[in-house]
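1. got a predicted structure plus its sequence, pasted below:
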2 protein chains.
Amino acid sequence: MRIHLQNPIDDPLFHFSRAMWDAAAVKTGDINHHVTIGSTETDFATAMAEAEALVCDAGIVKAHFPCPAPHLKLLFVTNAGLDRLALYDWLPPNTALMNNRGTHAAKSGEFGIMAVLMLANRVPEMVTHQRAGRWQKLWGAVLSGRKITIVGLGTLGGAVAEQAQRFGLNVTGVRTTATPHPHCEQTIAIDALDEKLPDTEFLVLACPLTDRTRGLMDRNRLNLLPRGAGIVNIGRGELADQDAICDLLDNGHLSGAVLDVFTPEPIPEGHRLWTTPNLVISPHTAADDPATYNKRSLDIFLANLKAYQARQPLPNLFDIERGY
Amino acid sequence: MRIHLQNPIDDPLFHFSRAMWDAAAVKTGDINHHVTIGSTETDFATAMAEAEALVCDAGIVKAHFPCPAPHLKLLFVTNAGLDRLALYDWLPPNTALMNNRGTHAAKSGEFGIMAVLMLANRVPEMVTHQRAGRWQKLWGAVLSGRKITIVGLGTLGGAVAEQAQRFGLNVTGVRTTATPHPHCEQTIAIDALDEKLPDTEFLVLACPLTDRTRGLMDRNRLNLLPRGAGIVNIGRGELADQDAICDLLDNGHLSGAVLDVFTPEPIPEGHRLWTTPNLVISPHTAADDPATYNKRSLDIFLANLKAYQARQPLPNLFDIERGY
């Protein structure tokens, strides 16, 4: 099979190398492919004339498609959330679109439990006092027995649930339907979220951005959280009303927030987020670990390639209708 | 036995109540004691005329002793580190001094691993960028396989080691002698610390402050840490050269620090710590959890009382010579 890996021009941290491909291919026995690696416009155009599989990030897809890709069967995008590629009308016919779900589990699980520990230990408040040069005793509490609600139980939310359960938190998972999850004490359907919010100490947003989840945590729903609750967002900024979060931090209703995603990104200079109290800003890197990212991505792509060649369902096939 | 619990005047979060005592006493079957609870000078003086056991914090000891306490057999101090009570010459003869080691395990284990996760996710750098209103991508990495060195394997360090091991870190414990520890891949004697420091990504200080550990991490030893290392201190500020830590954060040799203890405390207004980059300041509350602290303290005191009555060694007897 002719496979092309197109690297981002401006992001050397996430470059695929020949050695990386060889290591992954040897491991899975997938060594009989014709593989090209490129980073320029010309590399891309040349490769697309022949390529049957393309591996690249969403930025490259957005910049190049629609484009002639007469033999393309498999398009593996190295991001998990593909919301910025909607409406997907640029996708060549007969090409299967895949996302990179699964890659982010370890890193986002660790980031998620770190964020919850930071809320429990009141770190967002501490750094606010620190910024003011003010010593003020603030006591946290251990996680055991406390109540966490995790919206989304995919790679990200599932990994956070696993960590949360290990720390003895009482975990409620929220997803489309109330199907049980191995790391949740209970799962509820998204339609039942309003009843759960008043009983939530830590709210973690970890679901994909779709037409159903955009604006999910609007001002009314945020107001249902009890005084002192904390919020973590590792999904997408548009899942919540960002201004309402800032207001609830300003007036002390929320005790803290650790946010990794925003509207817009990058956060503009002078934006109120920069000075909102009891907020820790992470620059949309929660789920990414450059040290292991590309290696994991290739493993996942090769697993899908194997499935394709065996005429099995593709594990990472992207469902355009659902949006994830 | 006549037992007196003296509450701090200015710290309502850490007050013992009658209900709290009764609950602990019923649980252990220790219900036949004459127990008084007080908070004023008069309460203290009156109780001391009769008391055989006293439970109070180090501040109360410091304020009242030496004082007449003719029947005192057991003095249980509700702090773990008693360094501020040295040289212990105020202790009445025939009184056994106990500290509160063990109480802080759960909370300090969670704080410790949170601090390490914050370093691995580069949160100290993120909050520094946030303070400057600057969006800058910063990628962290997962903990698995990375190298942590924990100085002190008592309640605090042991709890951090347990968490670190669960996250797959390669844990080196440092203590007086190289006795193995169940949650450390290897333990080394304190004398071998210099050889280990260049091979340390995360350094956690969690030992008591004694004549042997004061100034342990001096400027020379701090310089032995590799570029990019991070440091956590949940022991005592005097364990390390604080100015050297600030210098190494200023010049970027250390990538970050999460410090809970300082010299002096409270940190004075205008002190350089407040503006040192890539530093997160916690106000000496890492190990304390008011929600569970007094309950745990009473459980530990009652276990010691039981040992005393059975003429067994006291589990929490404080070794004045060692200083912990």
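-> Yep, it's here. Residues are numbered from 1 along each chain as shown, chains lettered A, B, ... in the order given.
2. nearest residue to the residue in the stretch 151-300 of chain A positioned nearest to chain B other than its sequence neighbours?
-> Nearest residue of the stretch 151-300 of chain A to chain B, counting by CB to the nearest CB: A:Pro266, 3.7 Å away. All C-beta atoms are positioned from the backbone trio N, CA, C, and that covers glycine. Nearest residue to A:Pro266 in three dimensions, chain neighbours excluded: B:Trp135, at 3.7 Å (CB to CB, 6 or more residues apart in numbering or on different chains).
3. tell me the SS of the one you found?
-> Here B:Trp135 is recorded as coil under DSSP: H, G, I helix; E, B strand; the rest coil.
4. OK, contacts around it?
-> A:Glu265, A:Pro266, A:Ile267, A:Pro283, B:His129 (CB atoms under 8 Å, 6 or more residues apart in numbering or on different chains).
5. end to end on stretch A:56-68, go ahead and measure it.
-> 16 Å (CA to CA, to the nearest Å).
6. name the residues of that stretch that are buried.
-> A:Cys56, A:Asp57, A:Ala58, A:Gly59, A:Ile60, A:Val61, A:His64, A:Phe65 (16 or more other CB atoms under 10 Å in any protein chain shown).
7. what's the offset of stretch A:220-239 from the middle of its chain?
-> Computed by CA atoms, centre = their mean, to the nearest Å, the chain-centroid distance of stretch A:220-239 equals 17 Å.
8. near chain B, which residues of the stretch 201-324 of chain A show up?
-> Counting by CB under 8 Å from any CB of the partner chain, the residues of the stretch 201-324 of chain A close to chain B are A:265-267, A:269-271, A:274-275, A:280-286, A:288-292.
9. just the ones of those in helices?
-> Among these, DSSP state H puts A:Pro290, A:Ala291, A:Thr292 in helices.
10. tell me the buried residues within those residues.
-> If we count by 16+ other CB under 10 Å, those have these buried: A:Pro290.
11. show me the domain layout of chain A.
-> By the record's domain assignment, chain A is partitioned as A:2-103+A:289-309, A:105-281 (automatic domain parsing).
12. give the rounded mean pLDDT of the last one.
-> Right, the one you point to is domain A:105-281. The average pLDDT within domain A:105-281 is 97.
13. and it, how far out from the chain middle?
-> Worked out by CA atoms, centre = their mean, domain A:105-281 lies 14 Å from the chain centre.
14. again, but for the shortest one
-> When C-alpha coordinates are averaged (CA atoms, centre = their mean), domain A:2-103+A:289-309 and its chain have centres 18 Å apart.
15. would you mind measuring the gap between the ends of that domain?
-> OK, domain A:2-103+A:289-309 end separation, CA to CA: 13 Å.
16. how about the longest one?
-> The straight-line separation of the ends of domain A:105-281 (CA to CA) is 21 Å.
17. show me where the stretch 201-324 of chain A has strands.
-> Listed in chain order, the strands of the stretch 201-324 of chain A (DSSP state E, counting those that start in this stretch) span A:202-205, A:230-233, A:256-259, A:279-281.
18. redo these as TSV? Include mean neighbour count.
-> Formatted as TSV, those follow (neighbours: other CB atoms under 10 Å in any protein chain shown):
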stretch	mean neighbour count
strand A:202-205	28
strand A:230-233	26
strand A:256-259	27
strand A:279-281	24
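19. out of the residues of the stretch 201-324 of chain A next to chain B, which end up buried?
-> A:267, A:271, A:274, A:280-286, A:288-290.
20. which one of those sits closest to B:Leu317?
-> A:Val280 (42.2 Å; CB to CB).
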